[in-house]
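Student: missing the sequence, but the structure's below:
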């Protein structure tokens with residue numbers, strides 16, 4: 001999917017905001033381009049919230065050991081968040097061309113360790129978007 005000039009400008013801003021630390025820049029662009037092209041702003045907002053949740057839970061799990069209280073609960077929440085995020089992304093991508101959908105399916109919709117890492121990386125970037133949104137709210 002070709003990204004518009006507006007989407008690319010937004011990605012440049014996100015990249016700068018994150019200290020050039022975006023992990024899935026092109027895929028974030030595709031999500032935003034789909035949201036704009038198919039009037040799916042609410043679904044993109046839900047993806048941002050779910051992705052931020054996944055990133056926050058993942059970050060917390062990394063600081064814990066599996067025998068700590070609450071670890072299993074967080075693991076369950078992480079798995080649920082991953083599935084919710086995948087479902088929302090699949091819903092958003094329903095109208096796209098087969099090439100774009102198949103690429104996302106390969107990278108994000110499977111059940112391998114690599115897919116989970118990809119979702120975590122995408123969630124990192126979605127959390128950057130949420131930080132930008134929050135900053136904009138407080139500056140307004």
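Tutor: Sure, I can see it. Not measured: the values here are computed from a predicted model.
Student: going forward, measure contacts and count neighbours with C-alpha atoms only.
Tutor: OK.
Student: measure residue 6 to residue 28 for me?
Tutor: As judged by CA to CA, to the nearest Å, residue 6 and residue 28 stand 13 Å apart.
Student: meant to ask about residue 41, not that
Tutor: From residue 41 to residue 28 the distance is 14 Å (CA to CA).
Student: Can you pick out the residue with more neighbours from these two?
Tutor: More crowded of residue 41 and residue 28, by other CA atoms under 10 Å: residue 28, with 21 against 15.
Student: dump the residue contacts of the more buried one.
Tutor: Contact partners of residue 28, counting by CA atoms under 8 Å, 6 or more residues apart in numbering, are 11, 122, 125-126.
Student: one more time with 6 Å
Tutor: Listed by CA atoms under 6 Å, 6 or more residues apart in numbering, the contact set of residue 28 is empty.
Student: Could you find the closest non-adjacent residue to residue 53?
Tutor: residue 81 (7.0 Å; CA to CA, 6 or more residues apart in numbering).
Student: For the one helix or strand the one you found maps to, buried residues please.
Tutor: Assessed by DSSP states H and E, residue 81 sits inside helix 71-92. For helix 71-92, burial by neighbour count (16 or more other CA atoms under 10 Å) applies to 77-79, 81-86, 89-90, 92.
Student: cool, stretch 10-20 as well?
Tutor: 11, 14-15.
Student: so where's the chain shaky on pLDDT?
Tutor: Along the chain, the model assigns pLDDT under 70 to residues 140.
Student: Let me know the secondary structure of residue 23.
Tutor: What DSSP: H, G, I helix; E, B strand; the rest coil gives for residue 23 is coil.
Student: Report the contact partners of it.
Tutor: residue 121.
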